[in-house]
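[1] Next one to model:
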Amino acid sequence: QVQLVESGGGLVQPGGSLRVSCVASGFPFSDYTMAWARQVPGKGLEWVSGINTDGTTAYKDSVKGRFTISRDNAKNTVYLHMNTLKPEDTAVYLCAAQIGDATGTTQSFHYWGQGTQVTVSS
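    Residues are numbered from 1 along each chain as shown. The predicted structure is shown next:
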């Protein structure tokens with residue numbers, strides 16, 4: 001059974017930092033590109049970042065230089081380190097798995113989790 005379980009969300013002040021994690025099971029983690037996406041109520045799912053099986057990364061323009069994605073294949077875990085957070089980063093962040101390199105869209109996702117809430121507010 002495939003599972004993607006996110007954790008680490010919370011409330012943070014503007015300019016602050018947060019790290020969210022996602023533990024995967026039920027599929028060969030190291031063979032899959034992993035990604036993070038976010039969703040705001042009333043809006044569609046937005047792709048944020050991806051990390052390919054070879055470790056190369058890609059980011060949405062608005063988070064470049066602020067967010068860093070990483071993976072630990074030994075722990076079946078993908079991380080998203082978020083710095084200099086802004087109120088517009090407030091969303092439910094979920095991780096996803098796909099075959100093939102990151103595409104910058106959510107349409108290639110094979111599996112995804114339920115998400116963890118990140119709220120940026122003073």
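[2] what helix or strand is the spatially most central residue of the chain on?
    For the chain, the residue nearest the mean C-alpha position is residue 36 (2.2 Å; C-alpha atoms, centre = their mean). In the assignment (DSSP states H and E), residue 36 maps to strand 33-39.
[3] export that strand as PDB, just CAs?
    Extracted C-alpha coordinates of strand 33-39, given in PDB (Å, rounded to 0.1, in the frame of the first residue of the first chain):
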ATOM      1  CA  THR A  33      11.100  11.700  -8.800                       C
ATOM      2  CA  MET A  34       9.700  13.400  -5.700                       C
ATOM      3  CA  ALA A  35       8.000  16.700  -5.600                       C
ATOM      4  CA  TRP A  36       6.300  19.200  -3.300                       C
ATOM      5  CA  ALA A  37       3.100  21.000  -4.300                       C
ATOM      6  CA  ARG A  38       0.800  23.300  -2.300                       C
ATOM      7  CA  GLN A  39      -2.900  24.100  -2.200                       C
END
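[4] Name the residues of that strand that are buried.
    Within strand 33-39, the residues scored as buried using 16 or more other C-beta atoms under 10 Å are 33, 34, 35, 36, 37, 38. No exception for glycine: its C-beta is placed from N, CA and C like everyone else's.
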